[in-house]
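> Mind folding the following:
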Amino acid sequence: MGTMTPGKRVDAIDFWRGFALLTIFIDHVPDNAFQHFTFKNFGLSDAAELFVFLSGVSVALAYGTRFFRGETWAAVRAVFRRAFTLYWVQALTSLLIIGLFAAAAGWWDNDDLVEDPDRDLVVSSPVKGITAILAMLHQLGNVNILPMYIVMLLMTPALLLLARRSDWLMLGVSASLYAVTRVFELNMPTWPLEGGWYFNPLAWQLLFAIGIFVGRRVKTGGIGYDRRLFALCLAIVVGAAFAVTDGFHLFPGLWGDQLYDVLDHDKSSLGLVRLVHFLALAYVVSHSGVTRLYRATPIFAPLTLIGRYSLQVFATGCVLTAIGEVMVETRPEDYAYPLTLGAFIVVGGCVLHYCAARLLEARRTAQLRPALLPATNVHLVGQVSAEGA
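I've put the predicted structure just below:
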């Protein structure tokens, strides 16, 4: 699965989480050529599945270990603290994005920036809209994965309690909830706009639970290799690519005209073929040596660093996506190179993702350094810092 860093982190998890964060950003920036090359174009799942799965794996490593060695309440408190952190980050990010679009609409006299129903609700009825955002009953498009994650964190103690009895019991209960949710079309409600959450946590919790199941096995080698299972998963991955690319462009209309309405690939409720495709893809990647190959490239360390600070970087990406949309929507009408502008936003945004992670890492290192020095040196450092200020 990956090597353990000095901070007891699995670098492969951070790497793929960083990969997921940049992929989400690229997929959300309008009018850019890069979004045609992300892996959603070659399969039935996308970076959202990767993000949720790795969240489950991380929860098992960060909180499950403490939970299962008897520090139950300490682990539960830590989970709830993390959920609260996610809550205020999603609320603050949502309000910041709304403010950005409203300010841009006024500055450029472009009402198109706030005509989206999700934004218009907050701009036209700010009290009602802000109240709904704070209650997580109204969600903006680029931030709506965080409310789902918050609900899944609140479900974590129950999942860990079931796993204490049996990991398979946890998966069985989770799968049962998924089945009931799909059969009876259950979902969390939205308000004041009628509907349900785009990311239905009652369905997506199954992938989160599978992540916990895998995370419990990371330190012992992960899910073992089986030649026949690998061949089946590889066939699923290739078959999915064949379907969504219209038979590798040999059979026009194969996906849109024949398979799109037949396969259960709904993203909101985690369609079954999306789930199966992602699990097959994860198994193939895990046992094909792809991570080891990436580790030898220059992109491994930057993406690992980005993944290490996933929440802060994700919030940064949401704001950068909003800025990118403003830039695209307010460009001159005679602008001849829209894809060039989109590419510039993507490249610049990816660099800023890394810069944000570097700043966070530098701050963390600065905070840890005094604790690692002898007491006399700590006193000296304090003196130097005071003099420098």
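> which residues sit against stretch 161-180?
Residues from elsewhere that reach stretch 161-180 (C-beta atoms under 8 Å, 6 or more residues apart in numbering): 64, 67-68, 159-160, 186, 202-203, 205-206, 209-210, 212-213, 216, 270. For every residue, glycine as well, the C-beta is placed using N, CA and C.
> Let's see that stretch as CSV, backbone CA atoms only.
Extracted C-alpha coordinates of stretch 161-180, given in CSV (Å, rounded to 0.1, in the frame of the first residue of the first chain):
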residue,chain,number,x,y,z
LEU,A,161,-18.5,-0.4,17.1
LEU,A,162,-19.8,-2.9,14.5
ALA,A,163,-16.3,-3.5,13.3
ARG,A,164,-15.2,-4.3,16.9
ARG,A,165,-17.5,-7.3,16.7
SER,A,166,-16.7,-8.1,13.1
ASP,A,167,-15.5,-6.2,10.0
TRP,A,168,-17.9,-8.3,8.0
LEU,A,169,-20.8,-7.3,10.2
MET,A,170,-19.9,-3.7,9.6
LEU,A,171,-19.9,-4.2,5.9
GLY,A,172,-23.1,-6.2,6.1
VAL,A,173,-25.0,-3.4,8.0
SER,A,174,-23.6,-0.8,5.7
ALA,A,175,-24.6,-2.7,2.6
SER,A,176,-28.1,-3.2,4.0
LEU,A,177,-28.4,0.5,4.5
TYR,A,178,-27.2,1.1,1.0
ALA,A,179,-29.8,-1.3,-0.4
VAL,A,180,-32.7,0.2,1.6
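> follow-up on the earlier one: emit the ChimeraX select command for whichever of the contacts of stretch 161-180 are buried.
The following ChimeraX line selects those of the contacts of stretch 161-180 that are buried, judged by 16 or more other C-beta atoms under 10 Å:
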select :64,67,159,160,202,203,205,206,209,210,212,213,216,270
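> Max pairwise distance over the contacts of stretch 161-180: which two?
For the contacts of stretch 161-180, the farthest-apart pair by C-beta to C-beta is Phe68 and Leu186; their separation is 30.2 Å.
> what sits against Gln139?
Residues in contact with Gln139, defined by C-beta under 8 Å, 6+ apart, are 94, 118, 133, 147, 190, 197-198.
> is it true that Leu44 touches Val273?
Yes - with contacts counted by C-beta atoms under 8 Å, Leu44 reaches Val273, the gap being 5.3 Å.
> How many neighbouring residues does Phe42 have?
16 (other C-beta atoms under 10 Å).
> More neighbours: which of Leu44 and Val273?
Leu44 (28 against 18).
> returning to that earlier point: show me whatever sits in contact with both of Leu44 and Val273.
Overlap of the contact sets of Leu44 and Val273 (by C-beta under 8 Å, 6+ apart) consists of 240, 263, 265.
> Just the ones of those residues in helices?
Ala240 (DSSP state H).
> Which of the shared contacts of Leu44 and Val273 are buried, as a ChimeraX select command?
Buried residues among the shared contacts of Leu44 and Val273 (16+ other C-beta under 10 Å), as a ChimeraX selection:
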select :240,263,265
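> so which of the shared contacts of Leu44 and Val273 would you say is closest to Ala12?
Ala240 (23.2 Å).
> isn't that closest one right up against Leu44?
Yes - judged on C-beta under 8 Å, Ala240 makes contact with Leu44 at a distance of 4.7 Å.
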